[in-house]
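Enquirer: Build the 3D model from these lines:
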Amino acid sequence: MNLKQWQEKFGVKRIDFSKIKPSGKEEQHGDDELICPYCESIIEYESEETEDILKGKVYQCPCCEKWFYASADITVNTYCTPMEDAVLQSRRYIEDTYKHVDSCEALGIDWEDKQYGYVEWSVYAEYAKPLFENMEKEQDG
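Expert: Numbers count the residues shown, from 1 in each chain. Here you go, the predicted structure:
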């Protein structure tokens, strides 16, 4: 299947950076807790999640249901960045991924019928999907 077919099958949409604006919200810092950068709710997490947070992980706030990107340092101070800002901070990585996939497509590479472990899916799952869901929540009020 070609890239377009693969994207349609799995519902992968790309980020249009011209439509992404900084959130205007401040990054929230917590000690052994996550603080939603949108509604500022304190979110507790299980100790088993610490390693994931140290690597950086997308979370959904149980109160406002918006997605944010959580990261931490070894002292487990968390940094919950609004998705718009996380996307803009990672713009070069995302655009480089899109260019790489497009050049593979131009060379005629067939895409396996798998969504996991694939670079386009990773960018979609980590950045685009949470961003698009937040944008829908903004429109819904």
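
Enquirer: buried stuff in the longest helix anywhere in the chain?
Expert: Counting by DSSP state H, the longest helix found in the chain is helix 91-106. Within helix 91-106, the residues that qualify as buried by neighbour count (16 or more other Cβ atoms under 10 Å) are 94, 97, 101, 105. All C-beta spots, glycine's among them, are computed from the backbone N, C-alpha and C.

Enquirer: cool, and stretch 74-88?
Expert: Neighbour count says stretch 74-88 has 78-88 buried, by 16+ other Cβ under 10 Å.

Enquirer: among the buried residues of helix 91-106, which two are most distant?
Expert: 94 and 105 (16.5 Å; Cβ to Cβ).

Enquirer: So what's the model's average confidence on stretch 12-19?
Expert: Throughout stretch 12-19, pLDDT has a mean value of 95.

Enquirer: from now on call the first residue 11
Expert: I'll keep to 11 as the first residue from here, and by that count the last item is stretch 22-29.

Enquirer: So for that stretch, first residue to last residue, what's the gap.
Expert: End-to-end span of stretch 22-29 (Cα to Cα, to the nearest Å): 17 Å.

Enquirer: what do you get for stretch 41-57?
Expert: End-to-end distance for stretch 41-57: 13 Å, by Cα to Cα.
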